[in-house]
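# pasted the sequence and its predicted model underneath.
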Amino acid sequence: MQGVLTGFAVIAVVIGVGYVLGRRGSLGEQGREVLTRLAFQVATPALLFTTLARADLSVVFSSRLLVTALSTAAAAGVFVAAGAVRRWGVGRTTIGALCSSYVNSGNLGIPIAAYVLGDASLVAPVLLFQQIVVTPVALTVLDLTGAGDKGPLWRRLLTPLRNPIAVGALGGVLVSGTGLPLPGPVLEPLTLIANMSVPAVLLAYGIALRGSAAPGRGLDRRPVLLSVALKAVGQPVAAWALAAGVFALHGAALLDVVVTSALPAAQNLFTYASRYGVGEDLARESILLSTVLSVPVLVAVAALLG
C-alpha cells in the first residue's frame, strides 16, 4: 500500500501549497488563470510530446489497451446518455464524461504502478490511449461547441491540429513511430518545460479550492455524484468484468488493468474546464471526490486481486 499512500501524499502536498497561495493572494487575482494557461498552452503539450516520443507504441495492440478503451467508453457513455436525457449541455456533458472515465495516469498513475504493480511502464497503455484518442476527441468537441472557433468548415475540421494538447500528443506519437532521434539540444529544453506541467496543474487546482463550497451539494450535485460513482466504482468494475470475462486475463495482468481503471479523475481535466469556461465546478468537485474515494477502492482492489 506504500505506492498508493505515496502517490496521494505527493499530490495532496502540492495542492495544499496551491490552496495556501490562493488564500494569501500570493499570485494575484490572475494567478490561477496564468497557471492554467501555462499548463494548457506550453507545459502539458511538452510533457505529452516528451513522454510519448519515448514510449513503446506496441502497447497499442495489447489486450490491456482494449480493456482500457472499452471500460473508458462504458463509463463515459453512461454519463453522456444521462447528460442527453437531463439536457446538461454538450460542453458540460463532455467535461462530466471525462471526469467519469479519464484516469490520473501521470502524476498519480506512475508512482502507484511502480509501487503497487512493480512496473511503472504498465500505465503506458492508459496514457497512450487517453492522449492519442480521448484528449484530441474531447477537446475538439469543446472547441467546436464551446469557446472554440466558429469559422469556416475547413478551419473547424482542422481544430485538432490547432490544439496544443493534441499537437503535443500526436507529435510525440509521430516521433516514436518513425524512430526519429531527438538531439539533446531539442529534447532537454522540452523536458525542462514539461516538468512544469504537473506542478502548475496541481497548484492551479489548489488555488481553485479556496472559498469553494463542500463538493456534491451545489447546482452540479447530480452530475458530480454520477461522475464520481462511475469513476470510483463503475469503471473499475467494468474493467474487471471485461478483463476476466471477455479477455480471460488473470493474476498480475488482471490486477494491472483494474488498478489503472480505479485511479481517480485527472487534475488536468480542471485545466480543460477552465480553459473552455465550462463545467469548472463539476470538474473541481468530481476530481476531489473521486480522489478521496479512490484510496479505499485501490486498497480493496490490491487486497482482493493482489
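Yes, it's here.
# I figured residue 21 hits residue 208, correct?
No: with contact defined as CB atoms under 8 Å, residue 21 does not reach residue 208; the gap is 11.2 Å. Where you see a C-beta, it was placed from the backbone N, CA and C, and this is true even at glycine.
# more neighbours: those two, which one.
Per other CB atoms under 10 Å, whichever of residue 21 and residue 208 has more neighbours is residue 208, with 25 against 19.
# mind listing what the more buried one touches?
Residue 208 makes contacts with 22, 32, 270, 274, 280, 284, as judged by CB atoms under 8 Å, 6 or more residues apart in numbering.
# from the residues you listed, which is closest to residue 6?
Proximity of the contacts of residue 208 to residue 6, judged by CB to CB, is greatest for residue 270, which lies at 22.5 Å.
# once you drop chain neighbours, what's closest to the closest one?
Nearest non-adjacent residue to residue 270, counting by CB to CB, 6 or more residues apart in numbering: residue 283, 4.5 Å away.
# what pLDDT, on average, does whichever strand or helix holds that neighbour get?
Element membership of residue 283 [criterion: DSSP states H and E] is helix 280-305. Per-residue pLDDT values across helix 280-305 average out to 89.
# what do you get for stretch 131-147?
81.
# can you list contacts of that stretch?
48, 51-52, 60, 69, 72, 90-91, 94-95, 97-98, 101-102, 148-149, 156, 159-160, 163, 165-166, 169-170, 172-173, 272, 275-278.
# any weak-confidence spans in the stretch 1-150 of the chain?
For the stretch 1-150 of the chain, applying pLDDT under 70 flags the ranges 1-5, 7, 59-61, 106-108, 110-111, 114-116, 118-121, 146-150.
# in stretch 8-15, what counts as buried?
Residues 8, 11, 14, 15 are the ones in stretch 8-15 that count as buried (16 or more other CB atoms under 10 Å).
# distance to residue 249 and secondary structure for the residues you listed - can I get that in JSON lines?
Shown next, in JSON lines, are the buried residues of stretch 8-15 (distance: CB to CB, whole Å; DSSP: H, G, I helix; E, B strand; the rest coil):
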{"residue": "8", "distance to residue 249": "26", "secondary structure": "helix"}
{"residue": "11", "distance to residue 249": "28", "secondary structure": "helix"}
{"residue": "14", "distance to residue 249": "34", "secondary structure": "helix"}
{"residue": "15", "distance to residue 249": "34", "secondary structure": "helix"}
